[in-house]
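Colleague: the sequence isn't on hand, but the structure is:
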């Protein structure tokens, strides 16, 4: 290096350029090692093979002999019973007087429900 020329970092002290060169070399070496490690990891990765599930057991599960309409016909009475109860206002949970708070003086539905979650980091 000639004495009359300025270095890359505009200083007359050569240690800054030396530190930059060796830091760059170290980072390049670490990048090279990382790439090698990733390539080795990908090449040696164990990927189990999936068995071919085209046997008769698999097909019998996919193609069921039961007609879904037959199940609907079987439980049709239950659905009619539940619908009739709800339409009459006697469904499950419709007339629970223990839960009915809207008639009390302490609670009014018109106010809505005011709720929040307490977290200790709120100011």
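Modeller: That came through fine. Computed from a prediction, not measured in an experiment: that's the story for all the values here.
Colleague: so which elements touch the lengthiest helix in the chain?
Modeller: Longest helix in the chain by number of residues (criterion: DSSP state H): helix 15-43. Where contact means 3 or more CB pairs under 8 Å, 6 or more residues apart in numbering; DSSP states H and E, helix 15-43 is not packed against any helix or strand. The C-beta positions use only the backbone N, C-alpha and C, and glycine is treated the same way.
Colleague: mind listing what's buried in that helix?
Modeller: Neighbour counts using 16 or more other CB atoms under 10 Å place no residue of helix 15-43 among the buried ones.
Colleague: what's the average pLDDT for that helix?
Modeller: Taken as a whole, helix 15-43 carries a mean pLDDT of 94.
Colleague: equivalent analysis for stretch 81-98, please.
Modeller: For stretch 81-98, the mean per-residue pLDDT is 72.
Colleague: show me where this structure has its helices.
Modeller: For the chain, the helices defined by DSSP H cover 15-43, 56-62, 68-74, 76-88.
Colleague: okay, these in TSV with distance to residue 117 next?
Modeller: Shown next, in TSV, are the helices of the chain (distance: least, CB to CB, whole Å):
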stretch	distance to residue 117
helix 15-43	43
helix 56-62	45
helix 68-74	43
helix 76-88	33
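Colleague: of those, which is nearest residue 120?
Modeller: Closest approach to residue 120 among the helices of the chain is made by helix 15-43 (40.9 Å; CB to CB).
Colleague: returning to what we had before: among the helices of the chain, which is nearest residue 121?
Modeller: Comparing the helices of the chain by CB to CB, helix 15-43 comes nearest, at 37.5 Å.
Colleague: mind listing what residue 42 touches?
Modeller: Shown in contact with residue 42 (CB atoms under 8 Å, 6 or more residues apart in numbering): no residues.
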